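Asker: Let me see the structure of the following:
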Amino acid sequence: MMKSDIMRAIILETAEASVAAKRRFFADRLDEVERVARLLVDRLRDGGKILLFGNGGSAADAQHLAAELVNRFTAQRPALAAISLTTDTSILTSIANDADFESVFSRQVEALGRPGDVVVAISTSGNSPNILAGLLAARERGMSTVALLGRDGGRAQALADLALVVESAHTARIQEVHITLGHILCDLIEREFAALPEP
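Answerer: Purely as a prediction, here's the structure:
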C-alpha cells in the first residue's frame with residue numbers, strides 16, 4: 001500500500017500540473033478562445049446548431065457539453081441547439097458494422113449538418129481517422145469547423161476553421177484543459193442568451 005506522504009505528494013503534483021497547463025493554454029490562446037465563442041454565438045443566434053464529437057474521453061466531453069447547451073449551464077435561458085454524435089449506439093454500431101468506424105461521425109454530419117451549423121471536433125491527438133472524416137464532411141457541406149486538439153494539433157488542425165490546441169504530450173492534461181475550455185465556452189454562450197449580471 002502506498003505511503004500517505006507519497007500519495008499526498010502525487011495528489012498535489014498532479015493538481016499543480018493541471019493548473020499550470022490551464023494557465024499556459026489560456027494565456028497563449030485567449031484571442032482564439034474568444035473567436036470560437038463568438039462564432040458559436042453567431043451561428044446559434046442565426047438558427048444554426050452545434051454538432052459535437054470525439055472518441056473515448058473526448059466523446060464524453062462532447063456529450064457533456066451538448067447537455068450543458070441544450071439544457072442549461074448555470075442559468076435559465078432558451079434551449080440551444082446542440083447534438084452529440086457520440087451517443088446513439090444504434091447509429092454508431094450500424095455505421096461501424098455496415099461501413100467502417102471511420103465513417104461514424106461523417107455519416108451523421110451528412111444526415112444532420114447544414115450550412116450555418118458548426119461542427120466541434122474534440123481530439124487529444126488530432127489524427128483519428130473518424131475525426132478527420134467528420135471535419136471533412138462538415139467542410140464539404142459549408143459548415144463551420146472548430147477543433148479542440150492536443151499535442152501539435154495533428155492533421156485535424158488543417159481541417160478546422162478555428163483550432164484550439166493544448167500543446168502538451170500528456171493526454172490527461174489535454175483533457176482537463178478541454179473540459180475547462182468547454183465550460184468557459186458554455187458560460188460565454190449562455191451569457192449571450194440569458195440576462196446575466198457581468199462577473
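Asker: give me the low-pLDDT residue ranges for this structure?
Answerer: Within the chain, the ranges that satisfy pLDDT under 70 run 195-199.
Asker: longest single helix anywhere in it?
Answerer: helix 4-45 (DSSP state H).
Asker: Work out for me the element residue 62 sits within.
Answerer: In this assignment (DSSP states H and E), residue 62 forms part of helix 57-70.
Asker: which residues sit in contact with residue 154?
Answerer: Contacts for residue 154 (CB atoms under 8 Å, 6 or more residues apart in numbering) come out as 123, 125, 126, 127. For the C-beta atoms, the positions are set from N, CA and C on the backbone; glycine is no exception.
Asker: Among the residues you listed, which are located in helices?
Answerer: Among these, no member falls in helices (DSSP H).
Asker: who wins for neighbours among those?
Answerer: Of all the contacts of residue 154, the most densely surrounded is residue 123 (29 neighbours; neighbours counted as other CB atoms under 10 Å).
Asker: Isn't that one up against residue 55?
Answerer: Yes - with contacts counted by CB atoms under 8 Å, residue 123 reaches residue 55, the gap being 7.0 Å.
Asker: any common contacting residues for the two?
Answerer: residue 131.
Asker: now the residue lying closest to residue 45 once chain neighbours are set aside: how far from residue 77?
Answerer: Nearest residue to residue 45, sequence neighbours excluded (CB to CB, 6 or more residues apart in numbering): residue 192, at 7.5 Å. Residue 192 is 9 Å from residue 77, where distance means CB to CB, to the nearest Å.
Asker: With residue 28 instead?
Answerer: 31 Å.
Asker: of the two, who's got more company?
Answerer: residue 77 (16 against 13).
Asker: Just say helix, strand or coil for the more buried one.
Answerer: With DSSP: H, G, I helix; E, B strand; the rest coil as the basis, residue 77 sits in coil.
Asker: quick check: angle from the longest helix of the chain to helix 57-70?
Answerer: Calculated by axes from the mean of the first three to the mean of the last three CA atoms, to 10 degrees, helix 4-45 forms an angle of 50 degrees with helix 57-70.
Asker: Now find how far off-centre helix 4-45 is within its chain.
Answerer: 13 Å (CA atoms, centre = their mean, to the nearest Å).
Asker: After it, which helix or strand is next?
Answerer: strand 50-54.
Asker: Pull out the CA atoms of that next one and give them to me as PDB.
Answerer: Extracted C-alpha coordinates of strand 50-54, given in PDB (Å, rounded to 0.1, in the frame of the first residue of the first chain):
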ATOM      1  CA  ILE A  50     -23.700  22.700 -32.900                       C
ATOM      2  CA  LEU A  51     -22.600  19.100 -33.700                       C
ATOM      3  CA  LEU A  52     -20.000  17.700 -31.300                       C
ATOM      4  CA  PHE A  53     -18.000  14.500 -31.500                       C
ATOM      5  CA  GLY A  54     -14.900  12.800 -30.200                       C
END
